[in-house]
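> what's the 3D shape of this:
(one chain, ligands or ions: 2)
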Amino acid sequence: MIKTQISEIKNLLSTPKNIVIVPHRNPDGDAMGSTLGLYHYLKLYNHNAVVIAPNDYPDFLKWLPDDETVLKFETEQDQSNTLIEKADLICTLDFNAFHRTGHLMAEVLEASKATKLMIDHHQQPDDYATYMYSDVSMSSTCEMVYNFIEMLGDTDKINTKIATCLYTGIMTDTGSFRFPATTSKTHHILANLIDKGANNSQIHNNIYDTNSYSRLQLLGRAMQNLKVIPELRTAYMTLTQAELDKFNFKKGDTEGFVNYALSLKGIIFAAIFIENTQDKIIKISLRSKGTFSVNELSRAYFNGGGHTNAAGGRSEEDMPTTINKFISILPHYKQDLSPDQNG
Ligand code: 5GP
Ligand code: MN
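Numbers count the residues shown, from 1 in each chain. Ligands and ions are numbered 1, 2, ... in the order given. Predicted structure coming up:
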């Protein structure tokens, strides 16, 4: 983001504005942390700001400071539409294409004449933003919101609420500070956030130590379903709707399951296929290690995208057909996946 843009944004924010802040559909820790973090920052300047999430998010995020102010477009459409229509500024965080909010909300965002600010770390951004802060090397959108506040010269204004939100998203998007995008700068920022009041141990506890018994049972089932293809260093698992129902599935329950497949010794590519009969899709999460790009594979075959090492996608076929397709495309990536190649 260049200096002239920063001074334009500073100018724009110098008087109270109507501001709508939007995360992607099925928001995760980084999406909710970054949007609420920016919300608390904008509140310092008395803006009329609101976070509108496309739909609901998991319970393990429902303690973030002022999360109860978040509107859900899916269930609060009239109010959301009005706010989007009268917005001076729309900030889109942790995604870079309107369709990631779902088609109904995407149409409303598309039609809006408001100034747009994008802050995001995913690949291949669309070209809709007046001000675009896009950096695929960043650990998280929360780290970028910190940088954004820094560029505006306001790090000294970061309070406990902002710090808590931003710490949460950096923690969840870096797999608790272990993914390669975690840099020394990330750790410096985290240290500053702790100094500003983020309670690191409590945040970790709020996110990761609130498992239900049924979620652990569901994890057990996913592990039983784990399949390994050692000659292509690939592991995958499935969960059918019947299995989700059996273990009383709630939004967010399958978060992180795919990482167990990736933790197998020698595995560099992992996938989880989760049936959703209501949406008539199989939701796919893909993870990799090294240079093998699950973003590219997902774009090419599963109507999705994301990052090199973490991407999502979907299939509109049934589970057996989807798995057959997955297995049949693996040989196309033999060069990357075979153990005798580097990766
Ligand atoms: P997850 O597997 O946790 O749903 O998503 C992994 C990463 O890929 C996240 O950064 C997420 O935002 C992104 N992602 C998930 N699904 C999609 C999708 O359908 N399209 C795109 N472009 N990105 C996705
Ligand atoms: Mn993110």
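> from here on, contacts and neighbour counts on C-alpha atoms
Fine.
> so how far does stretch 206-218 reach from one end to the other?
One end of stretch 206-218 sits 20 Å from the other (Cα to Cα, to the nearest Å).
> I meant stretch 237-249, not that one.
Taking Cα to Cα, stretch 237-249 runs 16 Å from one end to the other.
> do it and ligand 1 meet at all?
No. With Cα under 6 Å from any ligand atom as the measure, stretch 237-249 is seen stopping short of ligand 1, the closest distance being 13.2 Å.
> give me the distance from that stretch to the chain's centre.
Centroid separation between stretch 237-249 and its chain, computed with Cα atoms, centre = their mean, to the nearest Å, is 23 Å.
> could you do stretch 179-189 as well?
In this view, stretch 179-189 has its centroid 17 Å away from the chain centroid, taken as Cα atoms, centre = their mean.
> ok, that stretch near ligand 2 or not?
No. Using Cα under 5 Å from the ion, we find that stretch 179-189 stays clear of ligand 2, coming within 11.4 Å at best.
> and the helices in the stretch 1-150 of the chain, which stretches?
Read by DSSP state H, counting those that start in this stretch, the stretch 1-150 of the chain holds these helices, from start to end of the chain: 3-12, 29-43, 77-85, 103-111, 141-151.
> for ligand 1, find the nearest of these.
When those are ranked by proximity to ligand 1, the top entry is helix 29-43, at 8.3 Å, counting by Cα to the nearest ligand atom.
> what residues sit buried inside that closest one?
The neighbour-count criterion (16 or more other Cα atoms under 10 Å) identifies 29-42 as the buried residues of helix 29-43.
> winner for burial among the helices of the stretch 1-150 of the chain?
Per-stretch averages of neighbours, counted by mean count of other Cα atoms under 10 Å, single out helix 29-43 among the helices of the stretch 1-150 of the chain, with a mean of 26.
> how much does that one deviate in direction from helix 141-151?
When axes from the mean of the first three to the mean of the last three Cα atoms, to 10 degrees is applied, the directions of helix 29-43 and helix 141-151 differ by 20 degrees.
> which stretches in the stretch 151-300 of the chain count as strands?
Secondary structure of the stretch 151-300 of the chain (DSSP state E, counting those that start in this stretch): strands at 227-229, 234-239, 269-276, 281-288.
> give me the contacts around the third one.
Around strand 269-276, the neighbours that count as contacts under Cα atoms under 8 Å, 6 or more residues apart in numbering are 233-241, 257-259, 261-262, 281-289, 292, 319, 337.
> parallel or antiparallel, list what pairs with that strand.
If you go by DSSP bridges, strand 269-276 pairs up with strand 234-239 (parallel), strand 281-288 (antiparallel).
> let me know which of the strands of the stretch 151-300 of the chain is the nearest to Gly197.
Between Gly197 and those, the shortest separation by Cα to Cα is 32.6 Å, and it involves strand 281-288.
> the closest one near ligand 1 at all?
Yes. Contact check for strand 281-288 against ligand 1, using Cα under 6 Å from any ligand atom: residues in range are Ser285, Leu286.
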